[in-house]
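J.: need a structure here:
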Amino acid sequence: MSSQNISVKNRTRAGGILVACSLIAVGGVVAAPLATPAPAQAASPFTATLKWQHELGSPGKPVALSSPMVATLDGKGSSVVIGDRSGYETAFHLSDGSVVFKSSTGGVAVDSTASVLGSGTSARLFFGEGTSGAPAAGGYRSISSSGKTVWSVKPKAQPTGSATRGVMSSLAIGTLQSANDVVGGSMGQMQHVMNAQTGRTGVGFPWFQADSNFSTPAVADTSGKSDHDIIIEGGDSTAGVAFGTRYANGGHIRLLYRTGNNGSGSPSGGLKCQYNTTQVVQSSPAVGNVLSKNAWAAVVGTGTFWKGASDTNKLIAIDQNCKLAWKASLSGSTQSSPALADTRGNGHPTIVQGTLINASSGRVYSVDGSNGHVIWQTAIAGGVYGGIVTADLTGKGYQDVVVPTPGGVFVLDGKTGHQIARLGQGYGFQNSALITNDPNGSIGITVAGYNARNSGIILHYQLSGAGVSGANVNKKGAWPMFHHDQKLTGDANTVLPAKP
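T.: Residues are numbered from 1 along each chain as shown. Okay, here's the model as predicted:
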């Protein structure tokens with residue numbers, strides 16, 4: 001049947017993002033009300049020093065959902081790359097904040113986080129262009145280590161016709177149809193897998209996703225026995241019928257074969273399995289061996305679009321056959337993306353999830369992956385819009401938690417949830433932080449967001465103190481950046497690069 005029976009809603013990435021952006025537009029950072037209790041503050045085991053900062057973009061067009069990403073682009077060590085709503089992808093050297101490149105999209109906003117393949121002059125970056133306020137503009141783009149466009153693809157809005165849609169999803173890199181392919185949803189009905197080198201669309205794609213998709217997919221070998229990855233993604237759903245499939249209002253968690261609809265006889269064929277939810281799934285799945293007996297799972301939050309839906313405020317875990325493992329009911333929206341991290345220091349990851357109650361109030365949860373039970377929860381003076389990242393910042397052998405919010409960046413002890421530091425006060429953040437092994441041997445934390453002028457900002461801190469001396473943020477059990485690693489696999493089993 002025709003896809004015309006499904007109407008793609010002009011959604012925001014999440015229900016709260018419009019609220020946040022309107023707050024940005026009328027005066028900047030959202031101040032926490034005095035009545036909001038601050039989490040318990042332990043004595044900080046480190047000192048955080050602001051090493052450099054830059055203002056980005058123009059007033060009213062800040063850094064919103066794009067998260068800072070590490071990349072080695074030249075012979076001067078690691079750099080950080082960030083997108084903004086003024087329509088630029090900009091790279092800075094971590095060592096001193098000097099500019100590597102400033103790459104223009106022609107005015108199209110960037111809410112996507114860059115994924116990175118390779119290093120040095122052969123490095124390639126991949127990201128989506130577009131924002132929900134102007135969904136017809138943008139697409140998929142790859143740029144070189146100097147910021148020059150390598151290729152771009154504009155996904156169609158529907159299977160037929162010439163209209164195109166932008167991309168807010170970030171692009172994961174996996175071994176799909178070649179050694180390195182990129183995949184991400186779009187704000188239309190069509191999704192692409194593309195060869196990382198050429199941008200050529202893969203066999204069985206474009207794939208009919210039926211509705212808008214803001215969720216960054218994970219790519220992983222769910223069985224541990226294959227040479228190829230499978231695509232694990234969230235998605236939105238609107239009631240209707242398309243190509244013989246009936247859809248309901250809500251969302252999906254999908255496991256899609258790497259060959260898409262090839263040989264299936266249907267534009268939406270090729271699914272291994274699908275778990276349907278009553279709420280949109282705009283959180284990005286985290287995957288790994290977190291269930292009991294070390295079994296594999298995909299863990300993801302939902303969204304807020306469908307009012308009163310039973311899966312609102314839920315954290316959901318499914319197994320490799322899309323069977324529900326558990327659901328956890330949390331306080332506040334779970335639209336942000338979870339991290340799988342060794343917060344107990346026992347070698348087995350927990351799930352760390354932030355929630356959004358409102359712009360000035362949220363919670364952070366550590367959840368037992370075997371059963372969905374809450375280990376600890378901490379109230380913070382800011383809602384969580386993006387994703388949580390982790391590293392061992394105290395030298396105690398377990399992962400600590402870094403949480404950007406409109407009220408600044410909270411650093412929590414991973415084992416107890418106690419607050420140990422607060423960075424970036426006076427600025428707002430709706431994305432994930434980046435934790436790095438800096439060129440001088442320090443631990444670095446980079447955050448990007450907006451100031452009181454509604455312009456984008458990027459801040460780079462370095463940590464010092466006995467607890468961080470000789471530390472390695474990329475050790476097993478860490479989740480130091482959005483969606484875990486430079487390829488944005490979302491897979492806790494992906495090995496992070498060795499400390500330089």
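J.: going forward, measure contacts and count neighbours with C-alpha atoms only.
T.: Will do.
J.: Tell me where the stretch 301-450 of the chain has strands.
T.: Listed in chain order, the strands of the stretch 301-450 of the chain (DSSP state E, counting those that start in this stretch) span residues 314-318, 324-329, 339-341, 350-358, 361-367, 374-380, 389-391, 400-405, 408-412, 419-423, 434-437, 443-450.
J.: a markdown table for the ones you listed, including mean neighbour count, mean pLDDT and distance to residue 247?
T.: As requested, these are arranged in a markdown table below (neighbours: other Cα atoms under 10 Å; pLDDT from 0 to 100; distance: least, Cα to Cα, whole Å):
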| stretch | mean neighbour count | mean pLDDT | distance to residue 247 |
| --- | --- | --- | --- |
| strand 314-318 | 24 | 99 | 20 |
| strand 324-329 | 17 | 98 | 19 |
| strand 339-341 | 32 | 99 | 29 |
| strand 350-358 | 25 | 98 | 28 |
| strand 361-367 | 24 | 99 | 31 |
| strand 374-380 | 19 | 98 | 33 |
| strand 389-391 | 31 | 98 | 34 |
| strand 400-405 | 30 | 98 | 34 |
| strand 408-412 | 24 | 98 | 39 |
| strand 419-423 | 20 | 96 | 43 |
| strand 434-437 | 25 | 96 | 37 |
| strand 443-450 | 27 | 98 | 36 |
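J.: out of the ones you listed, which comes closest to residue 495?
T.: When those are compared by Cα to Cα, strand 339-341 sits nearest residue 495, at 13.2 Å.
J.: what's that closest one packed up against?
T.: In this structure, strand 339-341 packs against strand 286-289, strand 350-358, strand 389-391, with contacts taken as 3 or more Cα pairs under 8 Å, 6 or more residues apart in numbering; DSSP states H and E.
J.: which outside residues touch that strand?
T.: Strand 339-341 is contacted from outside by 286-288, 290, 348-353, 387-390, 399, 477-479, 483-484, 492, using Cα atoms under 8 Å, 6 or more residues apart in numbering.
J.: ok, 6 Å please
T.: Contacts of strand 339-341 from elsewhere in the structure, counted by Cα atoms under 6 Å, 6 or more residues apart in numbering, are 349-352, 477-478.
J.: got it, and stretch 434-446?
T.: Stretch 434-446 has contacts (Cα under 6 Å, 6+ apart) with 68, 433, 459-463, 480-481.
J.: wait, which of the residues you listed is closest to residue 200?
T.: Residue 200 has its nearest neighbour among the contacts of stretch 434-446 in residue 68, at 26.7 Å by Cα to Cα.
J.: I figured residue 386 was touching residue 338, is that so?
T.: No: look at residue 386 against residue 338 with Cα atoms under 6 Å: they stay out of range, at 9.2 Å.
J.: which of these two has more neighbours?
T.: residue 338 (32 against 29; other Cα atoms under 10 Å).
J.: can you tell me how far that one sits from residue 355?
T.: Using Cα to Cα, to the nearest Å, one gets 10 Å for the distance from residue 338 to residue 355.
J.: So for residue 91, what's the nearest residue that isn't a sequence neighbour?
T.: The shortest distance from residue 91 to any non-neighbouring residue, by Cα to Cα, 6 or more residues apart in numbering, is to residue 81 (4.3 Å).
J.: likewise residue 264?
T.: Leaving aside its chain neighbours, residue 264 sits nearest to residue 270 (6.2 Å; criterion: Cα to Cα, 6+ apart).
J.: Run a quick neighbour tally on the one you found.
T.: Here the count is done by other Cα under 10 Å, and residue 270 has 20 residues near it.
J.: Would you mind measuring from it to residue 201?
T.: When distances are taken as Cα to Cα, residue 270 and residue 201 turn out to be 16 Å apart.
J.: Also residue 155?
T.: If you measure residue 155 against residue 201 using Cα to Cα, the figure is 10 Å.
J.: just residue 303 next, same as before
T.: Distance check for residue 303 against residue 201: by Cα to Cα, it reads 30 Å.
J.: Compare the two (neighbour count), which wins?
T.: Between residue 303 and residue 201, counted using other Cα under 10 Å, residue 303 has the larger neighbour count: 28 against 18.
J.: okay but the more buried one is in contact with residue 332, surely?
T.: No: taking Cα under 6 Å as the contact criterion, residue 303 and residue 332 are not neighbours in contact, 10.0 Å apart.
J.: Can you list the low-confidence ranges for the stretch 101-250 of the chain?
T.: Across the stretch 101-250 of the chain, no stretch falls below the confidence threshold (pLDDT under 70).
J.: got the residue ranges for the strands in it?
T.: Ranges of strands within the stretch 101-250 of the chain are 115-117, 124-129, 139-144, 149-153, 172-174, 181-184, 190-195, 207-208, 218-220, 230-237, 240-242, 245-247, 250-256, based on DSSP E, counting those that start in this stretch.
J.: Among these, which comes closest to residue 410?
T.: Each of the strands of the stretch 101-250 of the chain has some distance to residue 410 by Cα to Cα; the shortest is strand 115-117, at 24.9 Å.
J.: Show me what that closest one is packed against.
T.: strand 124-129 (3 or more Cα pairs under 6 Å, 6 or more residues apart in numbering; DSSP states H and E).
J.: What's the local residue count around residue 223?
T.: For residue 223, the count of nearby residues is 11 (other Cα under 10 Å).
J.: go on, residue 149?
T.: Once other Cα under 10 Å is used to define contacts, residue 149 is seen to have 17 neighbours.
J.: Tabulate the strands of the stretch 101-250 of the chain (a markdown table), appending distance to residue 319.
T.: Rendered in a markdown table, the data for these read as follows (distance: least, Cα to Cα, whole Å):
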| stretch | distance to residue 319 |
| --- | --- |
| strand 115-117 | 26 |
| strand 124-129 | 29 |
| strand 139-144 | 30 |
| strand 149-153 | 33 |
| strand 172-174 | 20 |
| strand 181-184 | 22 |
| strand 190-195 | 23 |
| strand 207-208 | 23 |
| strand 218-220 | 13 |
| strand 230-237 | 11 |
| strand 240-242 | 27 |
| strand 245-247 | 22 |
| strand 250-256 | 10 |
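J.: what does stretch 285-302 rub up against?
T.: Residues lying outside stretch 285-302 but in contact with it, judged by Cα under 6 Å, 6+ apart, are 280-283, 314-319, 334-335, 369-370, 490-493.
J.: Using CSV, write out every CA atom in that stretch.
T.: These are the backbone C-alpha positions of stretch 285-302, laid out as CSV (Å, rounded to 0.1, in the frame of the first residue of the first chain):
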residue,chain,number,x,y,z
PRO,A,285,20.3,2.9,22.2
ALA,A,286,23.2,1.7,24.2
VAL,A,287,24.1,-1.9,23.8
GLY,A,288,26.3,-4.5,25.5
ASN,A,289,26.4,-7.5,27.9
VAL,A,290,24.4,-6.0,30.8
LEU,A,291,21.7,-8.6,31.5
SER,A,292,22.0,-11.5,34.0
LYS,A,293,24.5,-14.2,33.0
ASN,A,294,26.3,-11.5,30.9
ALA,A,295,23.6,-11.6,28.2
TRP,A,296,23.4,-8.9,25.5
ALA,A,297,20.8,-6.2,25.6
ALA,A,298,19.8,-2.9,24.0
VAL,A,299,18.9,-0.3,26.5
VAL,A,300,17.1,3.0,25.6
GLY,A,301,14.8,5.7,26.9
THR,A,302,11.8,7.0,25.1
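J.: Right, I'll call it a day here.
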